[in-house]
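>>> Sequence plus the predicted model coming up.
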Amino acid sequence: MIHTNSITAYKEDSTQLSKRAQEVLDFLVRNYPSCFTDRQIQQELGYAERGQVQPRCSDLVRLGLAQEMSFKSKCELTGKHVRLLRKMPEDNRQQMQLAI
């Protein structure tokens with residue numbers, strides 16, 4: 001059996017963002033309602049590789065803090081269609097919390 005203190009500690013830790021995820025979220029908040037690709041976020045934040053921000057972007061979407069837009073953008077570097085992200089609008093976040 002898991003002790004209730006362990007469960008409480010786990011829940012508290014799982015709701016905290018990593019430093020990099022918080023940095024990405026702060027960027028999206030500052031630039032709301034603009035949308036950005038993972039690569040644009042990477043370049044704006046000064047990281048060398050897209051892989052340094054892409055997992056954090058996915059985390060923010062999974063947590064309901066960022067929104068993946070239904071339309072895609074063509075990456076200027078690769079020519080592929082890629083997702084666009086923006087901060088989750090407050091009214092959408094409230095609806096998601098009510099659904100849980």
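Yep, it's here.
>>> so the spatially most central residue of the chain is in which element?
Nearest to the mean C-alpha position of the chain, counting by C-alpha atoms, centre = their mean, stands L60 at 2.6 Å. Under the criterion DSSP states H and E, the helix or strand holding L60 is helix 54-62.
>>> And the strands in this structure?
66-68, 73-74, 81-82, 85-87 (DSSP state E).
>>> Let me see the mean pLDDT of the last one.
Spelled out, that is strand 85-87. Strand 85-87 carries an average pLDDT of 96.
>>> show me what contacts the residue nearest to the centre of the chain?
Under the criterion of C-beta atoms under 8 Å, 6 or more residues apart in numbering, the neighbours of L60 are 17, 21, 24-25, 28, 66, 85. For every residue, glycine as well, the C-beta is placed using N, CA and C.
>>> hmm, try it at 10 Å
Contacts for L60 were tallied using C-beta atoms under 10 Å, 6 or more residues apart in numbering; they are 17, 21-22, 24-25, 28, 66-68, 85, 87-88.
>>> ditto for K19
When contacts are taken as C-beta under 10 Å, 6+ apart, K19 is in contact with R56.
>>> Let me know the pLDDT of it.
Residue-level confidence at K19 comes out at 95, pLDDT.
>>> what are the phi and psi values for A48?
Backbone geometry at A48, expressed as degrees, to the nearest 10, gives phi -80, psi -30.
>>> Count the neighbours of it for me.
Other residues within reach of A48 by the criterion other C-beta atoms under 10 Å amount to 8.
>>> One more: S58?
Applying other C-beta under 10 Å, we find 16 other residues in the vicinity of S58.
>>> R56 now?
22.
>>> Grab the nearest non-local neighbour of R39.
Here the nearest residue to R39 in space, its sequence neighbours aside, is R50; by C-beta to C-beta, 6 or more residues apart in numbering that works out to 5.2 Å.
>>> Perfect, that will be all.
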